[in-house]
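Asks: sequence first, then the predicted structure:
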Amino acid sequence: MNVPAIQAQLLTKEYSNGRGCRDVTITVEKGEAFGFLGPNGAGKSTFVKMLAGLIRPTSGSAALFGHPIGTLAAKSKIGYLPELYRYQEWLSGEEVVRLHARLCNIEKSVADRRIPELLKEVGLGLRGRDRVKHYSKGMQQRLGLACALVNDPELVFLDEPSSALDPIGRMEVRTILERLKQRGITIFLNSHLLEDVEVLCDRMALLNNGEILRHGKVSEILNKRTSWHFKVGGFSPFLLSWLKNHTGLQISQAALDKNQDEEGIIVSSAIEGSTVWLEAEVESDEQVGWLNSLMIEQGLTLYEVSRKKERLEEWFLDAVSGLSHRGEQE
Amino acid sequence: MRTILGMTWKELLRKKVMLMTLVMTAVFLIAFWFVAAIVGSSESGRATSIMNGSNLIESFTTGTFILTMGFFFGAFVIAFLAIFSSFSSIAGEAEQGIMQALLPRPLPRWKWYLGRWLGYVTLGIFYAFLLFAAILLIADAHASIPRDSAALIKAFLLFASLVPLLISLSMLGSGLFSALGNGVFMTMLYGAGWLGGMIDKMSSSLGLKEEAIHTLHNLTGIMSLLMPADGLQQKMTAELFSLKDLGGMVNMSTSSFPLLDFNSVPSDSFVVYAVLYTVVVFAIGLLRFQRKDL
């Protein structure tokens, strides 16, 4: 029987101040990378803490690989990188990872081999011998990742894994996560860095005010609209009218710098002289080829053609705009 | 659990809690040596090689006084070491986020709690033993001290019982209050217990009416039930000097021993109460931690 990595059924945690999350039902399959998004204070960390066994649910149920959350069997399969955490500053980084290895009942010989490899993988290397009190926040985050992975978990919960890292660090963490995904490890990613979710995750859910607002496959969300961009030379407004009439497609001048006024109308289109970007909404890739040939037939110079993907950030803002969300206020 | 116990030892050693305590203890013991020397040298007949009965009792009385002073201070040190080593064990680590990284590991929470408790208690008792032995040796160098091994063992167990009592209470408080709040709570509670003991000792020499003394005793009784540390300390001194067996041979009036009231030594039932108190407080703290949201 194929047991899901995470199965949460109406999982609820209610605090007296009205915060927490309500009736969250999700299923994450083994080997899947799942992105959990939402504005600050939406209840994402509360949900993850329940799954990690740090918080007791008010109602509902959840299981990890078929084991009820909070049980030792469930805990033995996970690695968890909390959002707000510190490690024992009186230990060295290596000692912290070793402590986690001992708590996971990992044999000493295995730990001796694995810990230096992990420290190298997360970019700490020999700095692992330094006391944690000398670590920057970014180094602590790398250490947290090493601790989360020390037991070679089947499922990792990562709550903002790159928030304190510089761009190089973020890229390194993303590479590590991609490697984990390739190894079939299930990833549950809480992140404000939507680019990470976009690149890494197969599916995602959006939480607002403690409730799931939307969920779905990342690829479907990002490719909902199929628009293409064409960079053309020798352009004239007459040719644009001709293309629209001849093809019956929605074609307009576009600006890739995304400079838009308040009504969302593209105001910057010219690149230089008669070279412009055109944007066309098409139904199939064949129509793109047809448009290419028509443009060349009409004497336009075609410099570049690319598919326009809706960015996750736009989707996120669109999803939460106009809704009340409690944010981090009372 | 052994991992958590080892982590706690390492924490106390690396944070230099034990080092600072040992350094300050060495300073105290040096001062105590000189005080004991002065008190001991004032005793007549101390220098004679063969003591008569009167000299023996006088030397024993001096030894009692020196030991009483030493253990009075020693109890404070033990209490503050127990309180300040453990007052932030839960709240502090939860506030810092250390616990959020550790507790998702496959370790039952009771093992974490027990490991921490054992770590603090074993180091505290080890320190209590060193202090107990040092105070006895210094007093022995300047006066006569009790040599009955049964009495010494009983006295040490009572002296060291402060450690599990205060650590159980401190860890319970740490699960209920913030780290700072628990530090204040524990200090105030210990202070209240100590004050109750002092009032109890002094009330008979204040010349109060019997009714007022009765009311005071009721109040101090409640205080010592809430914080039995001072009562245990009284009992420890009584056991050390085997007061029951002395039968009035030694003058131990309140004017001679202002830090002790040998007339109101807690009963054995009080010791049983203190043990049960420790067990119940430990159990409540453990249950509370089992259900705590982090």
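Replies: Arrived safely, thanks for sending.

Asks: neighbours of the closest residue to residue A:277 other than its chain neighbours, how many?
Replies: In space, and not counting its chain neighbours, residue A:277 is closest to residue A:254: 4.5 Å by CB to CB, 6 or more residues apart in numbering or on different chains. Heads up, the C-betas are built off the backbone N, CA and C, glycines and all. Neighbours of residue A:254 under the rule other CB atoms under 10 Å in any protein chain shown: 21.

Asks: and the gap between residue A:254 and residue A:237?
Replies: Between residue A:254 and residue A:237 the distance is 14 Å, computed by CB to CB, to the nearest Å.

Asks: and for residue B:159?
Replies: Taking CB to CB, one finds residue B:159 at 97 Å from residue A:237.

Asks: between those two, which one's more packed in?
Replies: Using other CB under 10 Å as the criterion, residue B:159 and residue A:237 rank with residue B:159 on top: 26 against 8.

Asks: so what's the more buried one up against?
Replies: B:71, B:74, B:75, B:78, B:128, B:132, B:233, B:236 (CB atoms under 8 Å, 6 or more residues apart in numbering or on different chains).

Asks: need those residues in JSON lines with pLDDT, neighbour count and secondary structure, can you?
Replies: Compiled in JSON lines, these are given as follows (pLDDT from 0 to 100; neighbours: other CB atoms under 10 Å in any protein chain shown; DSSP: H, G, I helix; E, B strand; the rest coil):
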{"residue": "B:71", "pLDDT": "90", "neighbour count": "24", "secondary structure": "helix"}
{"residue": "B:74", "pLDDT": "90", "neighbour count": "24", "secondary structure": "helix"}
{"residue": "B:75", "pLDDT": "91", "neighbour count": "21", "secondary structure": "helix"}
{"residue": "B:78", "pLDDT": "92", "neighbour count": "26", "secondary structure": "helix"}
{"residue": "B:128", "pLDDT": "94", "neighbour count": "23", "secondary structure": "helix"}
{"residue": "B:132", "pLDDT": "94", "neighbour count": "22", "secondary structure": "helix"}
{"residue": "B:233", "pLDDT": "89", "neighbour count": "27", "secondary structure": "helix"}
{"residue": "B:236", "pLDDT": "91", "neighbour count": "26", "secondary structure": "helix"}
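
Asks: now do the contacts for whichever residue of the stretch 201-330 of chain A sits closest to chain B.
Replies: Closest to chain B within the stretch 201-330 of chain A is residue A:210: 15.5 Å, counting by CB to the nearest CB. The contact partners of residue A:210, taken as CB under 8 Å, 6+ apart, are A:19, A:20, A:21, A:22, A:24, A:42, A:43, A:46.

Asks: let's see it at 7 Å
Replies: Residues counted as contacts of residue A:210 (CB atoms under 7 Å, 6 or more residues apart in numbering or on different chains) are A:20, A:21, A:22, A:42, A:43.

Asks: and the furthest pair within these?
Replies: Across the contacts of residue A:210, no pair lies farther apart than A:22 and A:42, at 11.3 Å, counting by CB to CB.

Asks: so where's the stretch 1-150 of chain B uncertain?
Replies: B:42-56 (pLDDT under 70).

Asks: so where does residue B:153 fall, helix or strand?
Replies: In this structure, residue B:153 sits in helix B:149-160 according to DSSP states H and E.

Asks: report the buried residues of whichever helix or strand comes after that helix.
Replies: From helix B:149-160 onward toward the C-terminus, using DSSP H and E, the following helix or strand is helix B:162-176. For helix B:162-176, burial by neighbour count (16 or more other CB atoms under 10 Å in any protein chain shown) applies to B:162-175.

Asks: and stretch A:63-75, by the same measure?
Replies: A:63, A:64, A:65, A:69, A:70, A:74, A:75.

Asks: and the residues you listed near chain B, which?
Replies: When contact is defined as CB under 7 Å from any CB of the partner chain, these meet chain B at residue A:75.
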